[in-house]
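Participant: What follows is a predicted protein model with its sequence.
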Amino acid sequence: MARLYCSKHGEEYKAQVASELSKQGFDGDGIAVTKGKLISGPWRCDHCNKELDEGDYAYFVMPLTPEMVDRFHEYDFSYEYEYFDVDPNEVELYGLEWPA
């Protein structure tokens, strides 16, 4: 399930993901993390319930299976575009290699 985090909890989540990856890997799964300035709102942080308004920085986190990454070239970033005016190159992928 996708999650939206405030800046503080998004950074904490990324650090946790990196730590877990270095210890054990993700057993074939991955996570896509998008950071950016919100283009709409109000939203709520899925960790602390802080209100996130247009213009606030936030993190959108989406779990990925290996099958999803294999088809990532077809992905249209529609979920991310609901929250951010994002360039797909700004999405970070953890746990799996970015497809060619």
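Facilitator: Looks like it came in fine.
Participant: ok, Gly95 to Met68 distance?
Facilitator: Separation of Gly95 from Met68 (C-beta to C-beta, to the nearest Å): 12 Å. In this view, the C-beta of every residue, glycine as well, is placed from N, C-alpha and C.
Participant: more crowded one of those two?
Facilitator: More neighbours surround Gly95 than the other of Gly95 and Met68, with 19 against 16 (other C-beta atoms under 10 Å).
Participant: burial count for the closest residue to Glu11 other than its chain neighbours?
Facilitator: With sequence-adjacent residues excluded and distances taken as C-beta to C-beta, 6 or more residues apart in numbering, Glu11 is closest to Tyr59, at 7.6 Å. Counted with other C-beta under 10 Å, residues neighbouring Tyr59 total 25.
Participant: There's contact between Tyr59 and Ile31 in this structure, I believe.
Facilitator: No. In this structure, Tyr59 is not within contact of Ile31 by C-beta atoms under 8 Å, at 10.8 Å.
Participant: chain center to the biggest helix by length in the chain, what's the gap?
Facilitator: Criterion DSSP state H: the longest helix present in the chain is helix 7-23. Offset of helix 7-23 from its chain centre (C-alpha atoms, centre = their mean, to the nearest Å): 11 Å.
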